[in-house]
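> Sequence first, then the predicted structure, then my questions.
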Amino acid sequence: DGGITQSPKYLFRKEGQNVTLSCEQNLNHDAMYWYRQDPGQGLRLIYYSQIVNDFQKGDIAEGYSVSREKKESFPLTVTSAQKNPTAFYLCASNFGHTLGYTFGSGTRLTVV
Amino acid sequence: SQKIEQNSEALNIQEGKTATLTCNYTNYSPAYLQWYRQDPGRGPVFLLLIRENEKEKRKERLKVTFDTTLKQSLFHITASQPADSATYLCALPGGSYIPTFGRGTSLIVHP
């Protein structure tokens, strides 16, 4: 079945560490997105990529980095510069803006 | 600035009744609006998209209305079931048409 796979489901990070969240899709979608969700908050856009080897900052890009070397993959790195990284991270992709977005199951990141 | 408002209080209803959720927005003139369902610990799932020239759209037990004058969308689930319990998010196209999401309304259907 086609879909988006995010891994790991749970991730624990020590202060000062960088961690990378994986996002892979087999839907042949051109565009991919990373959102962050905090309790009681809406989803906030971190980064997006509409084509391979190109990506754009979203509303809250500071402290995050991404790469898009393959159409299927859009990993997100949470750097030590992100001061409040504990959150639920969601990856999404789409083929066209009016066709709805497909989301992965998310990665819950906790700073310990 | 653009703002999407969904009722932050959970909606509790009895099984078999119609659930109605509201999405209000300001400072938008959206060409369309989307609704998603999100279960705890999971990613949102796309349900419906309604365009500005469509007053109403239906899909099985779901009905969405879109009033661009009132700047409001209503999301109805008829004959609700406990399995419909989830958080429902509305989303409007923002910059580059990427969706901006409301905070969602939790629906709890009691058997």
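Good, I have the coordinates.

> how about the nearest residue to A:L99 once chain neighbours are set aside, what does it touch?
Distances taken as CB to CB, 6 or more residues apart in numbering or on different chains place B:L49 nearest to A:L99, at 7.9 Å, with adjacent residues excluded. The way it works is simple: take the backbone N, C-alpha and C, and place the C-beta from them, glycine included. Counting by CB atoms under 8 Å, 6 or more residues apart in numbering or on different chains, B:L49 makes contact with A:98-100, B:32-35, B:57.

> So which bits of chain B are right by chain A?
Counting by CB under 8 Å from any CB of the partner chain, chain B comes close to chain A at B:4, B:8, B:32, B:34, B:36, B:41-46, B:49, B:51, B:89, B:93-94, B:96-104.

> coming back round to it: can I get the contacts of B:L49 in a markdown table including distance to B:I13 and neighbour count?
Below are these laid out as a markdown table (distance: CB to CB, whole Å; neighbours: other CB atoms under 10 Å in any protein chain shown):
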| residue | distance to B:I13 | neighbour count |
| --- | --- | --- |
| A:T98 | 31 | 13 |
| A:L99 | 31 | 12 |
| A:G100 | 26 | 21 |
| B:Y32 | 27 | 18 |
| B:L33 | 23 | 27 |
| B:Q34 | 23 | 26 |
| B:W35 | 17 | 24 |
| B:K57 | 22 | 16 |
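
> follow-up on the earlier one: which members of the residues of chain B next to chain A are positioned in strands?
B:4, B:32, B:34, B:36, B:45-46, B:49, B:51, B:89, B:93, B:99-101 (DSSP state E).

> For the buried ones among these, write the corresponding PyMOL selection.
The following PyMOL line selects those of those that are buried, judged by 16 or more other CB atoms under 10 Å in any protein chain shown:
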select buried, chain B and resi 4+32+34+36+46+49+89+93+99+100+101
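
> now, which of the ones in strands among the residues of chain B next to chain A sits nearest chain A?
Set against chain A, the nearest of those by CB to the nearest CB is B:F46 (3.2 Å).

> I'd like the distance between the closest one and A:N94.
Going from B:F46 to A:N94 by CB to CB, to the nearest Å gives 9 Å.

> what is in contact with these two at once?
Shared contacts of B:F46 and A:N94 (CB under 8 Å, 6+ apart): A:100-102.

> filter these down to the ones near chain B?
When contact is defined as CB under 8 Å from any CB, the shared contacts of B:F46 and A:N94 meet chain B at A:100-102.
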